[in-house]
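1. For reference, the sequence and a predicted model appear below.
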Amino acid sequence: MILETERLILRHWKDSDADRLYEYAKDPDVGPVAGWPAHQNIDESRYAIQNILNGREAYAICLKGDDRAIGCIELKLNGHTDMTDRDDECELGYWLGKPFWGQGIMPEAVRELIRHGFEDLGMTRIWVGYYEGNTKSKRVQEKCGFRYQWMSEDVEVPLMNEKRTGHVSSMTKDQWFSDRLYF
């Protein structure tokens, strides 16, 4: 499946994306704040494409007119998230290569995945979280209309072998529909 916005194409990951994934995922400012270590080589990025970014609703973010991946966005469905055990709820996750920060790309991609989740997949609630200090992710969630739910201390971050403070927000289909009436 391919999703489109005004400036973006969201498409499934391909093995040939490994070099671009590595280019952005090796940056220590990208993955660690989201809870995963910076990639050490292209083989690690290839492994991630084949075994982590292979979910049914995992998408490479590409600028229109350029098929190169610049980030990732995913709706993690039941069985692939610890935020819900319901089939009509999911978790949103995302990251973006540093050269593309501050251009409104991630809010644009998030809004499309919210629409896709509610309209195409029949979700009734979308969950999203960020770790303390990840102000960019927090801001994306606020811009896109997510409502803060709770904070948890000592959250296990297994890929980083540490504990952090986590913040959780969500949006229901009714909230999304209601908010759209005002834009």
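-> Structure's in. What do you need?
2. Distance from stretch 95-113 to the middle of the chain?
-> Put simply, stretch 95-113 sits 9 Å off its chain's centre (C-alpha atoms, centre = their mean, to the nearest Å).
3. Which positions in it come out as buried?
-> Neighbour-count burial for stretch 95-113, counted by 16 or more other C-beta atoms under 10 Å, picks out 95, 96, 97, 105, 106, 107, 108, 109, 110, 111, 112, 113. Placement of C-beta: from N, CA and C, glycine included.
4. Surely the last one forms part of a helix?
-> What that stands for is residue 113. Yes: counting by DSSP: H, G, I helix; E, B strand; the rest coil, residue 113 is found in a helix.
5. What about residue 172? Give its phi and psi, please.
-> The phi/psi pair for residue 172 (degrees, to the nearest 10) reads phi -90, psi 160.
6. How about residue 143?
-> With angles defined as degrees, to the nearest 10, residue 143 sits at phi -60, psi -30.
7. what's the spacing between the closest residue to it other than its chain neighbours and residue 79?
-> Excluding its sequence neighbours, the residue lying closest to residue 143 (C-beta to C-beta, 6 or more residues apart in numbering) is residue 107, at 4.8 Å. To residue 79, residue 107 is 28 Å away according to C-beta to C-beta, to the nearest Å.
8. same check, this time on residue 54
-> Using C-beta to C-beta, one obtains 14 Å as the distance from residue 54 to residue 79.
9. List the residues that contact residue 165.
-> Shown in contact with residue 165 (C-beta atoms under 8 Å, 6 or more residues apart in numbering): 131, 132, 151, 152, 153, 154, 155.
10. re earlier: ok, residue 54 and residue 79, which is more surrounded?
-> residue 54 (11 against 8; other C-beta atoms under 10 Å).
11. Pretty sure that one sits in a helix.
-> No: read with three-state DSSP, residue 54 is coil and lies in no helix.
12. and the residue nearest the centre of the chain, bridged to which residues?
-> Residue closest to the mean C-alpha point of the chain, counted by C-alpha atoms, centre = their mean, is residue 94 at 1.8 Å. With DSSP bridges as the criterion, residue 94 is bridged to residue 73.
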